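Asks: predicted model, plus sequence, below.
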Amino acid sequence: MSAIDRIIEQFREDRAFMECVTRWETIPARSGSYRDIPSDLDPRLRTALQGRGIERIYSHQAEAYAAARAGRDLVVVTPTASGKTLCYNLAVLQTIIEQPETRALYLFPTKALSQDQQAELGDTVLATDIGARVATYDGDTPDSLRAAARETGQVIITNPDMLHSGILPNHPKWIKFLKHLRFVVIDELHTYRGVFGSHVTNVIRRLKRICRFYGADPVFICCSATIGNPGDLARAVLEGPVQLIDTNGAPAGERHVVLYNPPLVDRVQGIRRGVVNEAQTIALRLLRAGVKTIVFSRSRVRTELIAGYMNKTLANLYTDNERIRVESYRGGYLPSERRAVERGLRDGAIHGVVSTNALELGIDIGGLDAAVLAGFPGSIASSWQQLGRAGRRQTVSISVLLASASPLDQYMVKNPDYFFGRAPESAFLDADNMYILADHLKCAIFELPFETGERYSVTSGGPVEEHLAVLEEEGTIRRSGDRWYWADRGYPAEGISLRSATSDNVVIIDTTGGIDAVIGEMDRPSAKEMLFDNAIYIHRGDQYVVTKLDLENRRAFVERRDINYFTDALVKRDIKVLLEDERVEHLGCEVVTGDILVRTQVAKFKKIRFHTHENIGYGEISIPEEEMHTKAVALVFRPGSAAGDALADLPPALLAPAIARIGTVMRNVAPFFLLCDARDIGIAERIRDPHFGAPALYVYDAYPGGSGLAESLTAVLDRVLDAARQLVRECPCEEGCPSCVGPRDRSVEIDGNPKAAVLSFLEAWRAG
Amino acid sequence: MKSLYDRLKAQREAKERSPSSGAPKRPADRHGSTVTPGDETALPEPWRRVADQVWEACFIEPAPRELAVLHSAADNGILGIGDPDGACFFDTETTGLSGGAGTLCFLFAAATLHGNELQTELVFLSDFSGEPEFLERVGRRIDSARTVVSYNGKRFDAPLLTGRFLMNRMTPVLRPHVDLLFPARRLFARVLPGCSLGTVEREVLGVRRDIDIPGEEVPERYFSFLRNRDASLLTEVFSHVRYDVTSLVGLAAHIEGVCSLSAVRRPAPSAGVAEASIRAAGLGLGRLLLEQPYRGRRPHNEVLRGAGIDLLCSLAEEVEHPDSLTAAQRVCAALRRTGTPADLDRAVAIWRRFVSERRSLWATVELAKYLEHRTRAYREAEELVRTALSWPHCGTYRGGLERRLTRVSSKAARR
């Protein structure tokens, strides 16, 4: 009996443990579906495969190989441990062997993934005499290596941001590469959704346009994690027919998925043990049983806490910490430290890792036997990706989802059928979004003059004449002969970011003992919340106190200190209306579009004692608030309007919950109509808004400068409201669930059923 | 619902309002009269229209006085320009300074020498649609030269032109390229506030420009011309680029002059400007003389290399001089590379002096390497390293020195 089987049996027999389990689901083992190694594969590649113990390949790998070699665009849905990289590497390497001038472009959403991929591909290539030249080309590539990468790299590994701002605007330098571009690999396709996906789709349009100019017509090979609509998403990004390969041929061992609600410590108040302590207890049991374990946590602080507690429990000089090594992993560490943890996990030197969702994406960390999710990750798709980190092809695995006290987490563990029955979320994007299209059209014209009558996107995309007219008036483009030319000294890609997150970083400098050493980095908005003066910052288990946050120079100075508490900033967000563009009566409420300022302020912090997590004091923070200027639409429910009256008819105790829940419904429904991701829009509810003097619901673009989503809500508002009403009415839940108005929060919503209130409000509003 | 056009306009206006957007304020004439394409305004004499939207002008003047230096340096000059009569001194003006596929070259200037005359030819693109013809004519100028000479052209002008050729499906014309920016940096970076062509020309060649425009304002001026078709807007631009290429000739001559003068041992004080430059340039000049093009293992010009070695050696001797350590490091690296016994002796002498007079850790390590690997004088190397370890300042060198000591000691013991 193996270690994993033993621990599963132990859990099963542990009454205290099983009392907390709300569902234990066993997913039976699946045998693999194999195909012969393709007959046209070069003997060297065949030998390389056999060298890795591969005598036959999985059915989905064979299908992907056949499609790519036949020149068909494809998307493969690839769970963990399904041999994803072979799906594209086989076709690419084979073509390189046949025609050495062949070039391939690999796009990964993050730099960390590119690094990992280069290592993986390097292994395959080294193992053979193929000698394909692989180069990473991103922001970290030194200038001295760039020219060589462009000239001789057969496979270039990069990210969409670099393609957008570095490669496409300088395409004449890439002529050799682009002329012979045969394959474009888009990995982690599911991350390209919403506004980010719309940007990336436009970058792909530009890439295709430049390829056409150089006479290249590459095949696109996409890989996606399990989402609701991988085929649709691929067709949206590539704007053409795409072969969907979603039958996974890889075998999988038996999987145990456990939903776990931590035990009550105070039955009267309904307080449960916290996820941090509970997660470390369960993870330690697994590790001590000899099971390789990953713990996912929802924040950077929690990641450090869980890893720190685990290491403290294990610390023992005489047993060499029980010979168990646990590391933390998150963004903000030095790249070399992250690589070391990844390597340690692969070669078995590290037994346990506590991570944020940074390890959710496909970084190769080898096989793991157990996953512990300290809290619901926020979406079903994400949950399955994290749960899926445990599981190998042959052996049994276990993953435990621990609920926190939040209503959403509690709903998930108390309604296991909902959790197990719900399909992963679908992904949407809108590449013709006016704002995004306008930005990329500028880049496209910069890259290559635009022919009169040229279609910016061959397969879809409406006419762009109106865009051109505005750009000409603005003076950024100029018509000369029958073409439009870029006529501005600027470099448009420079000012256009594909992501809402700022690339502005604060470096963290350890000044202990008079030696200044950079230990990590953090994005600017987070630095305000975690690196304020006197904050306790935990980095790889070590405690530091922040002596000075120098925002102007993007530096935070920290000093090692052992202290018995950590700090947690209290974040306040408010909205200020800057300008109203338009105010109309629409569908029984007042719809106001305009510019707003979303301000995030950290003014106070709590000091929290380690282990007990009791609050032992407060401190003041004085740093300027983080501001985002964006576009918003506000629905104002004034007395006298249909919506206002419907709201006024509710019992006063349900007014606040009803407004808040309208926001939740909006968040659930609007992305379908706006073709975006839930993260792309912000929602704020006001029972009495100071600017409008009435109850109001704001929907705003979570993207500096706006992304056009809020603005287009007006046009689809009636459909959104109808869908919302239908959703709430037809949802089988009693008092609200994550799919409709959100689970009831009994700590606040004491009297009355919030779901009924929302429904009656919507019905009355639409009838009025 | 508003039309897309109106919404786009509204979006743009909102962006201009927004304080967070970095959108630059347009000059007032932005929305002024736009002349329709094809409505060609004539450029004044001596401009000639040679194709649709393409113009050429030619100016002839006496060649600069220092030209003789270029002729005498033809075969073995430090720059490698060769026969000056076969060189094309060129510069371009472009629609932007950040490069990228959307930056066009609209003005090309080429200065060539014909006996005692300097001929400057300008090719001008008066609207984008004429680019293929424009490039064709630029290509012809480059094609007829044996070498091209520029200032920062290797990083900027040449790749940009190459890109333009490729984007117009034309074959780029390539010639051996001498970029004066690098030698100019060596010579002047430590004595001038900057190394822009303008600064070097003013401070070194003593040129005063009368009609000129700062380089960074050129793109905006060209865009104004495109909108208004008023050729007078370009007067300063044309003058600017002519000054640039003329100065290139003067600068090339100056650099060759300084180098050849430095080869004359202890030059007479009467040598004027160049003599002052040699003193001021010191380290930079020495490095420049050593960094000349090599043919295999042989330097392009042995005499100049010898002069560079001498210059750096004498600089290394000046204990008080702030550059003496760097000079010593550079010259010893160069001496070690050739590795002739005579060169090695010179290097050893410098290391020994740095060890005894300055307790130099760099020299200690170099000398220890030499003793260990070349002459196998393990005892002496051991003694040397042991002494260095007793110095209080050995800091980050300590680890390396200790490892070396262990190794050298064991070698000494084995013997």
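Replies: Perfect, I can see it now.
Asks: next one, pLDDT for the residue in the stretch 1-150 of chain A that chain B sits nearest to please.
Replies: Nearest residue of the stretch 1-150 of chain A to chain B: residue A:147, at 10.3 Å (C-beta to the nearest C-beta). All C-beta spots, glycine's among them, are computed from the backbone N, C-alpha and C. We have a pLDDT of 91 for residue A:147.
Asks: how much space separates it from residue A:528?
Replies: 39 Å (C-beta to C-beta, to the nearest Å).
Asks: where does the prediction get shaky in the stretch 651-768 of chain A?
Replies: Residues of the stretch 651-768 of chain A meeting the criterion pLDDT under 70: none.
Asks: all the strands of it, residue numbers only.
Replies: Along the stretch 651-768 of chain A, the stretches classed as strands by DSSP state E, counting those that start in this stretch are A:681-686, A:696-701.
Asks: pick the most deeply packed of the ones you listed.
Replies: With neighbours defined as mean count of other C-beta atoms under 10 Å in any protein chain shown, those peak in mean count at strand A:696-701, which reaches a mean of 24.
Asks: which residues does the most centrally placed residue in chain B contact?
Replies: With distances taken as C-alpha atoms, centre = their mean, residue B:181 lies nearest the centre of chain B, 1.4 Å away. Counting by C-beta atoms under 8 Å, 6 or more residues apart in numbering or on different chains, residue B:181 touches B:151, B:152, B:154, B:195.
Asks: also near chain A: which of the residues you listed, exactly?
Replies: Counting by C-beta under 8 Å from any C-beta of the partner chain, nothing from these sits close to chain A.
Asks: identify, from those residues, the entry nearest to chain A.
Replies: Relative to chain A, and with distances defined as C-beta to the nearest C-beta, the nearest of the contacts of residue B:181 is residue B:154, at 12.0 Å.
Asks: against chain A, how distant is the nearest residue to the closest one once chain neighbours are set aside?
Replies: Nearest non-adjacent residue to residue B:154, counting by C-beta to C-beta, 6 or more residues apart in numbering or on different chains: residue B:179, 4.3 Å away. The gap separating residue B:179 from chain A is 16 Å, by C-beta to the nearest C-beta, to the nearest Å.
Asks: partner residues bridging residue B:179?
Replies: residue B:150 (DSSP bridges).
Asks: need the contact list for it.
Replies: B:149, B:150, B:151, B:152, B:153, B:154, B:155.
Asks: any chance of the residues you listed in CSV, plus neighbour count, distance to residue A:306 and pLDDT?
Replies: CSV is the format used below for the contacts of residue B:179 (neighbours: other C-beta atoms under 10 Å in any protein chain shown; distance: C-beta to C-beta, whole Å; pLDDT from 0 to 100):
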residue, neighbour count, distance to residue A:306, pLDDT
B:149, 26, 65, 96
B:150, 24, 60, 96
B:151, 26, 59, 96
B:152, 17, 54, 95
B:153, 22, 58, 95
B:154, 14, 54, 93
B:155, 12, 50, 91
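Asks: pull out the buried positions in whatever helix or strand residue A:150 lives in.
Replies: Per DSSP states H and E: residue A:150 is located in helix A:143-152. Residues of helix A:143-152 classed as buried by neighbour count (16 or more other C-beta atoms under 10 Å in any protein chain shown): A:149, A:150.
Asks: could you do stretch B:72-79 as well?
Replies: B:73, B:74, B:76, B:77, B:78, B:79.
Asks: quick one: mean pLDDT for that stretch?
Replies: pLDDT averaged over stretch B:72-79 gives 78.
Asks: straight-line length of it, end to end?
Replies: In stretch B:72-79, first residue to last residue: 13 Å (C-alpha to C-alpha, to the nearest Å).
Asks: can you mark which positions in stretch A:361-368 are buried?
Replies: Those buried within stretch A:361-368 under the rule 16+ other C-beta under 10 Å are A:361, A:362, A:363, A:364, A:365, A:367, A:368.
Asks: and the residue nearest to residue B:154, how close does it get to residue B:259?
Replies: When distances are taken as C-beta to C-beta, residue B:179 and residue B:259 turn out to be 16 Å apart.
Asks: got the domain boundaries for chain A?
Replies: A:3-26+A:252-421, A:34-245, A:434-495, A:505-563, A:575-601+A:627-767 (automatic domain parsing).
Asks: tabulate those domains (CSV), appending distance to residue A:612.
Replies: Shown next, in CSV, are the domains of chain A (distance: least, C-beta to C-beta, whole Å):
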stretch, distance to residue A:612
domain A:3-26+A:252-421, 9
domain A:34-245, 35
domain A:434-495, 49
domain A:505-563, 15
domain A:575-601+A:627-767, 21
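Asks: interface residues of the stretch 401-550 of chain A facing chain B?
Replies: So far as C-beta under 8 Å from any C-beta goes, the stretch 401-550 of chain A lies against chain B at A:434-435, A:438, A:445-449, A:466-467, A:469-470, A:473-475, A:478-483, A:485-495.
Asks: so who does the residue nearest the centre of chain A touch?
Replies: Centrality entry for chain A: nearest residue to the mean C-alpha point is residue A:191, 6.0 Å, by C-alpha atoms, centre = their mean. By C-beta under 8 Å, 6+ apart, residue A:191 lies in contact with A:109, A:197, A:361.
Asks: the first one contacts residue A:188, correct?
Replies: Spelled out, it's residue A:109. Yes. Assessed by C-beta atoms under 8 Å, residue A:109 is found in contact with residue A:188 at 5.1 Å.
Asks: compare the two (neighbour count), which wins?
Replies: residue A:109 (22 against 19; other C-beta atoms under 10 Å in any protein chain shown).
Asks: check that one and give its pLDDT.
Replies: At residue A:109, the model reports a pLDDT of 89.
Asks: same check on residue B:14?
Replies: 63.
Asks: quick check: closest non-adjacent residue to residue 171.
Replies: I went with chain A, as the question did not name one. Nearest to residue A:171 is residue A:210, by C-beta to C-beta, 6+ apart, at 5.1 Å.
Asks: nope, chain B please
Replies: residue B:165 (6.7 Å).
Asks: and the one you found, how many residues sit next to it?
Replies: Using other C-beta under 10 Å, residue B:165 has 20 neighbouring residues.
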